[in-house]
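> have a look at this fold, sequence not included:
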């Protein structure tokens with residue numbers, strides 16, 4: 001894996017385009033705001049706003065990258081009817097790259113999708129490409145770190161996740177989740193619970209967080225705490241939300257060796 005904290009700086013710096021269309025930017029930001037509500041119905045708004053942003057500015061790479069997030073998240077959350085192939089997500093991430101090869105988010109989204117498809121070498125190459133284009137992008141570091149968790153490589157995730165918070169102090173409320181996930185994989189359940197609870201205090205309907213909270217209590221031997229967590233998920237989850245077993249299957253259990 002590339003030395004991610006000090007990526008290759010030999011690539012000539014280019015002006016990152018973003019968008020010059022204020023309406024496209026506004027639609028993109030509205031989509032991001034909706035995404036961090038973490039409700040299945042909100043993803044419809046995310047997709048609609050992101051498509052609108054791309055229509056307003058067809059070369060706005062991040063608008064395509066954000067679209068790639070939607071089918072991937074529906075799959076990860078285990079929402080019924082989600083695309084298990086993730087072909088559309090891969091295609092949208094590659095379209096973002098095609099529109100602007102200097103935009104880091106397209107590569108970060110591609111790495112995110114490929115990680116869930118179980119293609120680790122391509123995953124790492126995509127994330128390294130993202131950081132080579134923008135070494136100060138906290139979103140790329142976060143996605144890279146959580147993908148390393150997903151690939152059961154918490155030791156690799158550690159420095160990536162530590163870098164996230166040094167790049168930006170104003171972050172979405174869920175961004176502490178990968179830290180808890182890493183601690184859980186390392187067998188540090190009590191620390192993990194602290195991170196999970198911090199996120200739930202801000203986004204109470206983030207069900208994957210509750211799933212991992214149940215797992216942490218169970219691994220601690222706190223059967224009652226685990227049962228209470230399951231009851232909260234069952235009570236609060238709308239009928240269209242994720243099946244808990246599917247959500248668990250997409251996030252690995254702690255393994256004996258993960259170095």
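Perfect, I can see it now. Bear in mind the structure is a predicted one, so any value in this text is a computation, not a measurement.
> I figured residue 107 hits residue 123, correct?
No. At 10.6 Å, residue 107 does not count as touching residue 123 under the criterion of Cβ atoms under 8 Å. Bear in mind the C-beta positions are built from the backbone N, C-alpha and C, glycine included.
> which one of the two has more residues nearby?
residue 107 (30 against 23; other Cβ atoms under 10 Å).
> buried residues in the helix or strand containing residue 155?
According to DSSP states H and E, residue 155 maps onto helix 154-167. Going by neighbour count (16 or more other Cβ atoms under 10 Å), the buried part of helix 154-167 is 154, 156-158, 160-161, 163-164, 167.
> that one: what's the following helix or strand?
helix 177-185.
> which strands and helices sit next to that next one?
helix 138-150, helix 154-167, helix 189-200, helix 207-219 (3 or more Cβ pairs under 8 Å, 6 or more residues apart in numbering; DSSP states H and E).
> where does pLDDT dip in the stretch 151-259 of the chain?
The stretch 151-259 of the chain contains residues with pLDDT under 70 at 236-259.
> what sits against the residue nearest to residue 223 when sequence neighbours are not counted?
Excluding the flanking residues, the one nearest residue 223 by Cβ to Cβ, 6 or more residues apart in numbering is residue 217, at 7.8 Å. For residue 217, the contacting residues are 189, 193, 223, 225-226, 229, by Cβ atoms under 8 Å, 6 or more residues apart in numbering.
> what do you get for residue 18?
25, 60, 62, 103.
> do that again at 7 Å, thanks
Shown in contact with residue 18 (Cβ atoms under 7 Å, 6 or more residues apart in numbering): no residues.
> any idea how far it lies from residue 103?
Relative to residue 103, residue 18 is positioned 8 Å away (criterion: Cβ to Cβ, to the nearest Å).
> likewise residue 156?
Residue 156 is 24 Å from residue 103, by Cβ to Cβ.
> and the residue lying farthest from the centre of the chain, what element?
Outermost residue of the chain with respect to the C-alpha centroid, by Cα atoms, centre = their mean, is residue 224; its distance is 29.9 Å. Element membership for residue 224, per DSSP H and E: helix 223-236.
> list the buried ones in the strand or helix carrying residue 27?
Using DSSP H and E, residue 27 sits in helix 22-35. Within helix 22-35, the residues that count as buried by 16+ other Cβ under 10 Å are 24-25, 27-28, 30-32, 34-35.
> picking up where we left off before, show me the contact partners of the helix holding residue 224.
Applying Cβ under 7 Å, 6+ apart, the contact partners of helix 223-236 are 205, 207, 210-211, 213-214, 217-218, 244.
> ChimeraX command to pick out the buried ones of those?
Buried residues among those (16+ other Cβ under 10 Å), as a ChimeraX selection:
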select :207,210,211,213,214,217,218,244
